[in-house]
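Chemist: quick one, structure for this:
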Amino acid sequence: MADEKPNKYEALPIPSYEEAMGESSRSSTPLPSHPSSDIESAHPAEREGLLGSGGRLPVPTRRAGYRPPPTEENSSTRDSLENDSFLGQHNGRRNSDSSEEDEVRREMEEMEIVDPPTPQSLWGKRISSLSRSLSSHLPMNWRIPRWRIRFKWPVLDANFCIVFGRIFAVFLVIAVVYILFVSDIFTGPLRMQMFDPEGVRMHVQNAVDEKRIEWRLHQITQTDHLAGTEGDYVLAQYVEGVFATSGLEDVHMDEYGVYLNFPKDGGRKVEILENDGSVKWSAKIEEDNVYKDDPRQQTPVFHGHSKSGDITGPLIYANYGSREDFKRLYDSGVDTTGAIALVRYYGSQGDRALKVKAAELAGFAGCIIYSDPADDGFTKGDVAPNGRFMPQGGVQRGAVSLMSWVVGDVLTPGWASKKGAEKISKENNPGLVNIPSIPLSWGDAQNLLESIKGVGQACSDEWKGAIPDVEYWTGDESSPRVHLVNDQDESEEQSIWNVMGKITGIEQKEKSIIVGNHRDAWVFGATDPGSGTAVFLEVVHILGELTKLGWRPLRTIEFASWDGEEYNLIGSTEFVEQNMDRLRADAFVYMNVDVAVGGTEFRAAASPVFQKALLRVLDRTSDPIQNVTLRDLWDRRQGKLDGLGAGSDYVAFQDMAGTSSIDFGFSGPPYPYHSAYDSFEWMKDIGDPGFQYHKILAQVWVLLILEFSDRMVMPFDMSAYSAALTMWAIDLEIWAESKGANQDGNTPWSTEPLREAVLQFASDSREFERWELDWDAAVLGGGFESNSMAAHRKSRNTMMANFETHLLDLEQGGGIPNRTQFKHVIFGPQLWSGYDEAFFPAVRDAVEAGDWDLAKQQLDKAARIIMKASKKLLH
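Modeler: Prediction:
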């Protein structure tokens, strides 16, 4: 869709009081005033760069023939001349009978037959003359009788007329201004003339400053800032200050009391025991301090939301810790009951929490997870701090709460953790694992693996890692015994702080474009989430400064710095649960950046409605190294929007509130993920020297915000949604067949209802998008948008946004069975998919469980909901 043109409306000028009275000559209407002193000092060139050619509106000159207020001298002269002209008489005619008439009048006055003469106004003189004129044409013997009625015509002084006229003009101007405001003309065409949309885009793109981003990142990585800690609160205050100084409105902290755990000093141990129970070897556990010259506090190594415990058992190696890996051990005859599992990160099960849960279900008593150099270490390239990969002593922290099962505060699933909220027990909680776990470096894991050499079964190649001097064996119940201690401080009401602010829109101010990034980190977090936070604050700064020039978006932009994301997406989820009704009614889109710069390849995961707008933004941003547009690079690799899994703060918006969401950034090879090595110095020297990719990501983000907050027609890509839905339906059918659909006496299975719904949506979306073509031709082609067209446009914007919300299963007890927080029938995490994308998760869960009756029910329900949502686009 073409950009809105700045001169497509004929502005209706509003004269000032002085102009209406004719006391000033032609002048220009100034830009809207703003209370901030910054506006007065804004550079004229900067203002002019944001204005279209129609930005300054001429006011009409005073009417021709308007005369200045009369003086007493020229007033009497003019009255005399006007009187003579009106009567058509000359002085000579009047003098002929003047003496006789004066004598008669004096006699009558003395006899009190007539009143003495009084000064007559102009209109009084005209009436008297008219009376005499009529008398002169009556018969001679007819006399008009005289009654003694004393009626005086009001004296209309010239000054009084002028004052009255001015008062009338003032009220007329007020009435015109009122009518103009009531007609919304200032929230539509006039505003669009004052700030040319293309000029605004050029301004914000040029305003991004990589040096300022670098400085912000340096500030926010000075201390560790784990959720709920002092460092986290201090950083929240810093972000709040940036919001306030940037001019955001309603800046505040949104506090929740949630369940968090923290490691006790000396409360974590991993030891290999001798046969007599004495300690043979102890793991180091902690990372070296990365700031050796100026030591800083580093978050201890632990798993968030891990189970406290003190256990001892034989050590068994289980590859990546997937259910398939544990099944392989079982099939090979290895008894895992009461054992301690040693598994590596990544691989066939990417979610660390599901590794621990799978170990629990396989009968293990505890779980240790480490980073193997085969996946993230020296075999891939140089290690931190001089490279991207995990060094021998590096450890990946992380949470082991089951975010694909319960998201947010695990003690308040489905409602916000505000003060006084009901809490469920943490014991046997569906969102928590029930065995202790701990992360280790591969340097520590090397000793554990060496201890089980020759025990159990030699591992096949796909189970082997790359730790030097290690032969990979599974171990079994006869393996050396390992002592694992995980003693945690636990708080069920630990405070966390979201930081909120907004820029209120001028056309649909109740509708929101929500922009978010989480602030909490496992240690210093330069990449995760610091790169995102620094870019986020740059976007806030740019848009905030723009408002100081008088600009406002059409729709409200809400900014959110989330807390507690690293534990279980807590801050964003609690916000959504607290504001669920409002978000379902008025949230148009949610834009999330977690890791802004982890590499150099742009990637995005989103609802398909973002495709058109995103490609438009990528067309105008360029890779700083390859010197081609991001769109060119996207097309070369046949880029496409990925699906949304359960990996960041978009989950509650997309899957629970039904708010169309996007998550994007630059990705690449591994970086020192959740480690103390993810520091400012690492980012400055290795991650993004010069902060050029931070700069480009800020441009992408601020331009994408403008796409949805400031285009008159929301750029939802309904055709892309239709195409994606068709592809996902076909994939589901093929996948179900591979899982045994219509085999072995299973319930008859057919995706025909889903196919019909998808085809209906394809037809309805095409019909729906025709209106936009008509609107483009009528308005962007140089015409004027009437009030009725504007109302229709705004209603249509809301209908597009509501389509995603209408895909929620809001029936009583609706949502994914046994995981009813997740309401979206298309998007949502599969039970065992963890971070990975999944489409039609309720159907897939049932198929995975072999429950074909439930699978059919869920497919039919999804088809009904899609069909209903599709029809609502046109009605």
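Chemist: strands of the protein, start to end?
Modeler: Ranges of strands in the chain, per DSSP state E, are 249-273, 279-282, 303-304, 309-317, 340-344, 366-370, 398-399, 437-440, 481-503, 508-518, 555-562, 587-592, 601-606, 660-667.
Chemist: for residue 173, find the nearest of these.
Modeler: strand 508-518 (27.2 Å; CB to CB). All C-beta atoms are positioned from the backbone trio N, CA, C, and that covers glycine.
Chemist: list the buried residues of the closest one.
Modeler: 508, 509, 511, 512, 513, 514, 515, 516, 517, 518 (16 or more other CB atoms under 10 Å).
Chemist: before we move on, what about stretch 238-257?
Modeler: In stretch 238-257, counting by 16+ other CB under 10 Å, buried: 238-240, 242-243, 246-248, 251, 253-257.
Chemist: try stretch 636-645
Modeler: Those would be 639, 641, 643, 644, 645, for stretch 636-645 by 16+ other CB under 10 Å.
Chemist: pull up the distance across that stretch, start to finish.
Modeler: Taking CA to CA, to the nearest Å, stretch 636-645 runs 25 Å from one end to the other.
Chemist: quick one: residues in contact with that stretch.
Modeler: Contact with stretch 636-645 is made by 602-608, 610-611, 614, 633, 650-651, 654-655, 661, 663, 724, 827, 829, 833-839, as judged by CB atoms under 8 Å, 6 or more residues apart in numbering.
Chemist: which ones are touching the closest residue to residue 688 other than its chain neighbours?
Modeler: Distance criterion CB to CB, 6 or more residues apart in numbering; nearest residue to residue 688, sequence neighbours excluded, is residue 597 at 4.9 Å. Residues in contact with residue 597 (CB under 8 Å, 6+ apart) are 527, 531, 535, 665, 666, 683, 687, 688, 693, 694, 697.
Chemist: test my guess that the fifth one contacts residue 593.
Modeler: So the one you mean is residue 666. No - Residue 666 is not in contact with residue 593 according to CB atoms under 8 Å; the separation is 10.2 Å.
Chemist: any common contacting residues for the two?
Modeler: residue 697.
Chemist: neighbour-wise, which of the two wins?
Modeler: residue 593 (27 against 23; other CB atoms under 10 Å).
Chemist: how much space between that one and residue 790?
Modeler: Relative to residue 790, residue 593 is positioned 33 Å away (CB to CB, to the nearest Å).
Chemist: the most centrally placed residue in the chain pairs with what?
Modeler: Computing the C-alpha centroid of the chain and ranking residues by CA atoms, centre = their mean puts residue 514 first, at 2.0 Å. Counting by DSSP bridges, residue 514 forms beta bridges with residue 558, residue 590.
Chemist: one step back: can you tell me which of the buried residues of stretch 238-257 is closest to residue 573?
Modeler: Within those, the smallest distance to residue 573 is 9.6 Å, found for residue 256 (CB to CB).
Chemist: confidence score at that closest one?
Modeler: Turning to residue 256, the model gives it a pLDDT of 98.
Chemist: hang on, the earlier thing: format the buried residues of strand 508-518 as JSON lines; extra columns: distance to residue 212.
Modeler: Formatted as JSON lines, the buried residues of strand 508-518 follow (distance: CB to CB, whole Å):
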{"residue": "508", "distance to residue 212": "31"}
{"residue": "509", "distance to residue 212": "29"}
{"residue": "511", "distance to residue 212": "30"}
{"residue": "512", "distance to residue 212": "26"}
{"residue": "513", "distance to residue 212": "23"}
{"residue": "514", "distance to residue 212": "24"}
{"residue": "515", "distance to residue 212": "18"}
{"residue": "516", "distance to residue 212": "20"}
{"residue": "517", "distance to residue 212": "16"}
{"residue": "518", "distance to residue 212": "21"}
